[in-house]
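Trainee: I need the structure of the sequence given here:
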Amino acid sequence: VHGSLIIFYEDRNFQGRSYECMSDCSDMSSYLSRCNSCRVENGCFMVYDRPNYMGNQYFLRRGEYSDYMSFGMSDSIRSCRLIPQHRGSYRMRIYERENFQGPNHELMDDCDNIMDRYSLSDCQSCNVIDGHWLMYEQPHYRGRMVYLRPGEYRSMRDIGYSGMRLSSARRIMDSC
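Mentor: Next up, the predicted model:
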């Protein structure tokens with residue numbers, strides 16, 4: 001089995017200079033002046049429109065992306081993060097308020113509507129115990145997304161998500 005690999009190109013349709021990446025890259029400008037298309041040869045990656053894994057983020061699985069707008073991005077790719085393979089259970093505890101306060105629930109499965117299923121008015125902090133997750137702004141896995149790997153997230157604002165309500169959550173399965 002080959003390792004994860006994403007190839008970035010300066011121009012649309014896989015043209016111009018390219019950069020092969022097999023892990024996290026906090027600032028693409030070290031390698032390319034701009035990045036307008038990419039090809040995921042193996043694995044799953046998050047790509048970001050700002051350096052240091054900030055700004056809007058997008059989940060990419062194996063495939064060809066001839067134009068950054070094809071997956072909803074409005075600006076060039078500036079950083080990327082490899083999503084490691086995970087085998088085993090998935091567990092995440094979500095809290096209505098920051099700093100693990102207020103009503104809370106444990107997720108072990110995908111949830112297409114957190115507010116409806118758990119009667120939470122919001123999700124402002126969480127503790128990812130096992131697995132890698134995507135949380136979405138809208139129910140049914142729509143809208144802006146945020147990638148969460150195992151760790152404590154005391155405030156969604158800390159990872160650049162002020163004023164964004166997280167309404168659904170999905171496990172990143174190793175079928176990437």
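Trainee: so the closest residue in space to Gly88 that isn't next to it in sequence bridges to which residues?
Mentor: Using CB to CB, 6 or more residues apart in numbering and skipping the chain neighbours, the partner closest in space to Gly88 is Asp130 (6.4 Å). Just so you know, the C-beta spots here come from the backbone N, C-alpha and C atoms, and that holds for glycine as well. Per DSSP bridges, the residues bridged to Asp130 are Arg91.
Trainee: what residues are up against Asp130?
Mentor: Taking CB atoms under 8 Å, 6 or more residues apart in numbering, we find Asp130 in contact with 86, 88-92, 150.
Trainee: Might you report the residue contacts of Met156?
Mentor: With contact taken as CB under 8 Å, 6+ apart, Met156 is in contact with 98, 123-125, 146, 162, 164, 166.
Trainee: So which of those sit within strands?
Mentor: 125, 146 (DSSP state E).
Trainee: Show me which of the contacts of Met156 has the smallest pLDDT value.
Mentor: Lowest pLDDT among the contacts of Met156: Ser162, with 65.
Trainee: Any idea what the residue minimising distance to the centre of the chain is bridged to?
Mentor: The structure's the chain has its C-alpha centroid closest to Tyr147; by CA atoms, centre = their mean the separation is 3.1 Å. Tyr147 has these beta-bridge partners by DSSP bridges: Leu134.
Trainee: contacting residues for it?
Mentor: Applying CB under 8 Å, 6+ apart, we find Tyr147 in contact with 46, 57, 59, 81, 83, 132-134, 172.
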